[in-house]
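Engineer: no sequence for this one, just the structure:
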């Protein structure tokens, strides 16, 4: 049993060592620019990545609040079950995020698409909508990077095909940017 844990840690560490630091730094810059310009950051994902989107929104909204400074505005579009099921039923699940962006998105806003498999149509369509409407579309992706990596303005690529490791790094990426900004008191 011990070998299984050590093997998992080894695969996680190996993947972490292959992530390009400049991609993480660029994402952090995009997030901080959104803060300075009072833009909204929208976060999306499916399954485990939907949970990560919720976690990101919590950390970047409540978690970055500093007394005497304006808050960072970050919203997960995975959290309103009523609107998600209404859009899925009345339009299509492929547009579950685009239809919400149509309600709340403004030019200059940021979209962070979180995906392991990288080809979910609802994520791809949302990234394209963001780009087509004057936003900055980012993606945090694993596997091959897929369509999300091809069309996003910026990606953080996690070079691994294992859902667990990719999803672990989704959360780690949140915590890295979150803690860096808190430590530097940038919010």
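Structural biologist: Here it is on my side, so go on. Everything numeric in this text was worked out from a predicted model, so none of it was measured. Residues are numbered from 1 along each chain as shown.
Engineer: do you know how far residue 116 is from residue 150?
Structural biologist: 16 Å (CB to CB, to the nearest Å). Where C-beta positions appear, they are placed from N, C-alpha and C, glycine not excepted.
Engineer: And those two? Which one has more around it.
Structural biologist: Higher neighbour count among residue 116 and residue 150: residue 116, with 27 against 14, using other CB atoms under 10 Å.
Engineer: Residue 117 should be in a strand, yeah?
Structural biologist: No: looking at residue 117 with DSSP: H, G, I helix; E, B strand; the rest coil, it is coil, so not inside a strand.
Engineer: my guess is residue 115 meets residue 48, correct?
Structural biologist: No: between residue 115 and residue 48 no contact is recorded; they are 10.0 Å apart, counting by CB atoms under 8 Å.
Engineer: what's the neighbour count on residue 34?
Structural biologist: 22.
Engineer: contacting residues around it?
Structural biologist: For residue 34, the contacting residues are 40-41, 72, 109-110, 136, by CB atoms under 8 Å, 6 or more residues apart in numbering.
Engineer: okay, those residues in TSV with neighbour count, secondary structure and distance to residue 16 next?
Structural biologist: Below are the contacts of residue 34 laid out as TSV (neighbours: other CB atoms under 10 Å; DSSP: H, G, I helix; E, B strand; the rest coil; distance: CB to CB, whole Å):
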residue	neighbour count	secondary structure	distance to residue 16
40	17	strand	30
41	23	strand	24
72	26	coil	25
109	22	coil	30
110	26	strand	24
136	21	strand	25
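Engineer: pLDDT check: weakest of the residues you listed?
Structural biologist: When the contacts of residue 34 are sorted by pLDDT, the bottom entry is residue 72 at 89.
Engineer: what's that residue in contact with, if anything?
Structural biologist: 31, 34-35, 41, 60-61, 64-65, 187.
Engineer: ditto for residue 152
Structural biologist: 113, 127, 131, 137-139.
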